[in-house]
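attaching a predicted model along with its sequence, questions to come.
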Amino acid sequence: MSYNKSSFHPAFIVTNIKNSVPIVLEMENVSYSSWAELFKIHAKSHKVLDHIIPPKTKAHPPSTDEEKGLWSTLDAMVISWIYSTISRDLLQTIIEPDATAMEAWDRLHDIFQDNQHSRVVALEHEFSSTAMEDFPNALAYCQRIKSLAD
């Protein structure tokens, strides 16, 4: 990515990340795949995807103080987007002083994807024990089943 003081970075126009990522990522209501996909689309459209996912081609690191300053500002912006779209419990789990956006992204990935087998077993149990009579209507039941399937 080319850094230029006279150019305006598209990430600076974001005023409310929740307009683009309306899902709050929580441990109880697992929607990691949907949340991550919406977040990646948002990051890509604002040209900051490389702050959470390493580029496939070897990118040159910022070399001048100006480039380093812009990179640091953008990274702080992306990490604030992450923090504002997750629950307080997850925030308390992943927040660390001076962490980068990629480190926070990776911690969330590890929470939801590294223990995949045990999560599958737990979700299958919850899926099979979910009964329609526990919900006020068919829509709520279907939404819960879809959430578990996702």
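Yep, it's here.

for residue 77, give me the backbone phi and psi.
Note on residue 77: backbone dihedrals following degrees, to the nearest 10 are phi -70, psi -50.

give me the neighbour count for the closest residue to it other than its chain neighbours.
For residue 77, the nearest residue in space outside its immediate sequence neighbours is residue 11; the separation is 5.6 Å by Cβ to Cβ, 6 or more residues apart in numbering. Quick note: C-beta positions are derived from backbone N, CA and C, even for glycine. Look at residue 11: counted by other Cβ atoms under 10 Å, it has 19 neighbours.

domains of this structure?
Here the chain is described, according to automatic domain parsing, as comprising the domains 19-114, 115-150.

please pull out the lowest mean pLDDT helix or strand from this structure.
Every helix and strand of the chain was ranked by mean pLDDT, DSSP states H and E. The lowest is helix 116-129, at a mean of 76.

distance from the chain centre to it, please.
With Cα atoms, centre = their mean, to the nearest Å as the basis, the distance from the averaged C-alpha position of helix 116-129 to the chain average is 22 Å.

how about stretch 31-51?
In terms of Cα atoms, centre = their mean, the gap separating the centre of stretch 31-51 from the centre of its chain is 7 Å.

only the buried residues of that stretch, if you could.
Within stretch 31-51, the residues that qualify as buried are 32, 35, 36, 38, 39, 42, 43, 46, 48, 49, 50, 51, counting by 16 or more other Cβ atoms under 10 Å.

how about JSON lines for the residues you listed, with pLDDT, secondary structure and distance to residue 74 added?
Converted to JSON lines, the buried residues of stretch 31-51 look like this (pLDDT from 0 to 100; DSSP: H, G, I helix; E, B strand; the rest coil; distance: Cβ to Cβ, whole Å):
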{"residue": "32", "pLDDT": "89", "secondary structure": "helix", "distance to residue 74": "24"}
{"residue": "35", "pLDDT": "94", "secondary structure": "helix", "distance to residue 74": "21"}
{"residue": "36", "pLDDT": "94", "secondary structure": "helix", "distance to residue 74": "19"}
{"residue": "38", "pLDDT": "94", "secondary structure": "helix", "distance to residue 74": "19"}
{"residue": "39", "pLDDT": "93", "secondary structure": "helix", "distance to residue 74": "15"}
{"residue": "42", "pLDDT": "91", "secondary structure": "helix", "distance to residue 74": "13"}
{"residue": "43", "pLDDT": "92", "secondary structure": "helix", "distance to residue 74": "10"}
{"residue": "46", "pLDDT": "89", "secondary structure": "coil", "distance to residue 74": "9"}
{"residue": "48", "pLDDT": "91", "secondary structure": "coil", "distance to residue 74": "5"}
{"residue": "49", "pLDDT": "93", "secondary structure": "helix", "distance to residue 74": "11"}
{"residue": "50", "pLDDT": "92", "secondary structure": "helix", "distance to residue 74": "9"}
{"residue": "51", "pLDDT": "92", "secondary structure": "helix", "distance to residue 74": "6"}
